[in-house]
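Undergrad: heads up, no residue letters with this:
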């Protein structure tokens with residue numbers, strides 16, 4: 001059992017000035033970060049379906065097939081340029097890993113690449129990328145790591161694979177995953193979270209306006225101005241576009257909690273009790289506790305996708321990013337030992 005080989009994780013200690021979920025979350029959203037060590041990415045397009053293409057920013061080492069690869073997934077209204085995507089990429093690349101920073105459909109100014117929309121449980125894109133990286137690029141160790149919405153996707157994907165995950169997928173990791181989308185949406189609607197919801201809705205509306213430029217007449221935007229909440233947006237656009245009865249039906253069916261008990265690869269989950277709109281109660285579900293493949297860390301502090309600790313000379317303090325890279329490093333080391341042991345036990349081939 002590989003999860004049993006994973007060492008205990010260092011405890012998260014928040015930066016003194018950032019105790020409190022809102023303070024930590026807003027700092028993560030607003031604080032500018034710079035990544036001078038991260039090399040320029042290679043652009044890569046993945047064709048998912050007719051009229052559906054996604055863009056990734058990739059960082060490759062000279063011998064990519066011999067190294068672990070992180071497929072990074074961003075959150076709602078994020079992109080491959082989100083600070084945590086580049087933060088993970090910098091730390092992972094420094095450790096000798098490849099990184100593929102994937103834009104979800106229509107994100108990162110890619111509305112022109114896909115006719116349709118995207119939803120919080122749409123795992124087809126990541127599934128296709130894993131398939132192509134495995135069969136075309138020959139990569140042998142891939143870990144999907146997601147934040148928020150991307151964290152739900154990573155866990156849902158692993159649950160959908162269950163015991164039939166491709167051999168190249170050695171694990172998944174998630175930070176502040178929205179594993180019960182309905183509960184997260186209700187939490188977002190609380191008065192104290194009005195700023196977050198306003199920001200999410202504003203960006204969703206902007207995206208639909210951009211979609212209209214590239215795909216005129218495909219969506220009815222007459223109700224767009226009246227939308228004030230994420231739930232209203234999903235009732236008007238997301239749910240009907242994908243054939244869900246309504247937003248609640250969409251939230252229930254697309255939450256990773258429906259399949260988390262089926263996860264059969266090592267899975268790291270990091271979330272915080274003081275996350276403003278991802279309640280920690282679902283993470284204490286028996287469905288998670290009873291799954292030996294899941295390593296769960298619920299911290300007292302951390303906010304939503306924050307987890308900023310003290311800065312040191314060689315660490316910028318973004319704790320969750322470092323923990324993901326360590327997790328991938330350990331999984332790859334186990335894969336290497338297993339592969340080496342299997343090779344040693346193979347019969348020696350005698351040339352004819």
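TA: Nice, I can see it. Everything quoted here is computed from the prediction, not taken from an experiment.
Undergrad: Buried residues of stretch 71-86, list them for me.
TA: Across stretch 71-86, burial judged by 16 or more other CB atoms under 10 Å covers 71-80, 82-86. For glycine as for every other residue, the C-beta is placed from the backbone atoms N, C-alpha and C.
Undergrad: Please tell me how far residue 110 sits from residue 267.
TA: 28 Å (CB to CB, to the nearest Å).
Undergrad: neighbour-wise, which of these two wins?
TA: residue 267 (26 against 19; other CB atoms under 10 Å).
Undergrad: Isn't the more buried one up against residue 297?
TA: No: the criterion here is CB atoms under 8 Å, and residue 267 misses it with residue 297 at 11.6 Å.
Undergrad: picking that back up, farthest-separated two in the buried residues of stretch 71-86?
TA: The largest separation in these, counting by CB to CB, is between 71 and 77 at 19.6 Å.
Undergrad: Could you say which helix or strand holds residue 302?
TA: Here residue 302 sits in a region with no helix or strand, counting by DSSP states H and E.
Undergrad: I figured it hits residue 272, correct?
TA: Yes: judged on CB under 8 Å, residue 302 makes contact with residue 272 at a distance of 3.1 Å.
Undergrad: what touches both of those two?
TA: By CB atoms under 8 Å, 6 or more residues apart in numbering, residue 302 and residue 272 have these common neighbours: 21, 24, 176.
Undergrad: who's the residue positioned nearest the centre of the chain bridged to?
TA: Centroid-nearest residue in the chain: residue 146, 1.5 Å away (criterion: CA atoms, centre = their mean). With DSSP bridges as the criterion, residue 146 is bridged to residue 73, residue 174.
Undergrad: the helices in the stretch 1-150 of the chain, which residues?
TA: Taking DSSP state H, counting those that start in this stretch, the helices of the stretch 1-150 of the chain run over residues 21-30, 83-94, 124-135, 149-161.
Undergrad: check contacts around the residue nearest to the centre of the chain.
TA: Here residue 146 is in contact with 72-75, 152-155, 172-175, 177 (criterion: CB under 8 Å, 6+ apart).
Undergrad: Dump the residues you listed into CSV; add distance to residue 306 and pLDDT as well.
TA: Below are these laid out as CSV (distance: CB to CB, whole Å; pLDDT from 0 to 100):
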residue, distance to residue 306, pLDDT
72, 17, 98
73, 18, 98
74, 15, 98
75, 12, 97
152, 18, 98
153, 20, 98
154, 19, 98
155, 20, 98
172, 21, 98
173, 16, 98
174, 15, 98
175, 9, 98
177, 14, 98
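Undergrad: Could you export those residues to a markdown table, including columns for distance to residue 320?
TA: Listed next are those as a markdown table, based on distance: CB to CB, whole Å:
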| residue | distance to residue 320 |
| --- | --- |
| 72 | 12 |
| 73 | 14 |
| 74 | 14 |
| 75 | 13 |
| 152 | 16 |
| 153 | 17 |
| 154 | 13 |
| 155 | 15 |
| 172 | 14 |
| 173 | 9 |
| 174 | 10 |
| 175 | 5 |
| 177 | 12 |
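Undergrad: can you map out the strands along the stretch 1-150 of the chain?
TA: 42-49, 52-59, 69-73, 98-102, 142-147 (DSSP state E, counting those that start in this stretch).
Undergrad: Could you work out which of those reaches nearest to residue 16?
TA: Judging the strands of the stretch 1-150 of the chain by CB to CB, what sits closest to residue 16 is strand 142-147, at 23.9 Å.
Undergrad: tell me the mean pLDDT over that closest one?
TA: The pLDDT scores in strand 142-147 average 98.
Undergrad: do the same with stretch 262-274
TA: The pLDDT scores in stretch 262-274 average 98.
Undergrad: In that stretch, which residues are buried?
TA: For stretch 262-274, the neighbour count (16+ other CB under 10 Å) marks 262, 263, 264, 265, 266, 267, 268, 269, 270, 271, 272, 274 as buried.
Undergrad: In terms of helix, strand or coil, where does the third one fall?
TA: Three states are possible here, and by DSSP: H, G, I helix; E, B strand; the rest coil the one that applies to residue 264 is coil.
Undergrad: Give me the residue ranges of the stretch 101-250 of the chain where confidence is low.
TA: Along the stretch 101-250 of the chain, the model assigns pLDDT under 70 to no residue.
Undergrad: what sits against the nearest residue to residue 148 once chain neighbours are set aside?
TA: Leaving aside its sequence neighbours, residue 148 sits nearest to residue 75 (CB to CB, 6 or more residues apart in numbering; 3.1 Å). By CB under 8 Å, 6+ apart, residue 75 lies in contact with 82, 146, 147, 148, 149, 150, 151, 176, 305.
Undergrad: Now do the residue nearest to the centre of the chain against residue 195, distance only.
TA: Applying CB to CB to residue 146 and residue 195 gives a distance of 23 Å.
Undergrad: Would you map the helices across the stretch 251-352 of the chain?
TA: 286-289, 319-345.
Undergrad: For these, which has the smallest mean pLDDT value?
TA: Out of those, helix 319-345 stands lowest, with a mean of 81 (criterion: mean pLDDT).
Undergrad: Now for residue 136, how many residues are close by?
TA: Count around residue 136 with other CB under 10 Å applied: 8.
Undergrad: Check residue 34 too.
TA: 10.
Undergrad: and if you look at residue 116?
TA: Here the count is done by other CB under 10 Å, and residue 116 has 18 residues near it.
Undergrad: what's near enough to touch it?
TA: Each residue near residue 116 by CB under 8 Å, 6+ apart is listed here: 51, 52, 105, 241.
Undergrad: cool, and residue 224?
TA: Per CB under 8 Å, 6+ apart, neighbours of residue 224: 205, 208, 209, 236.
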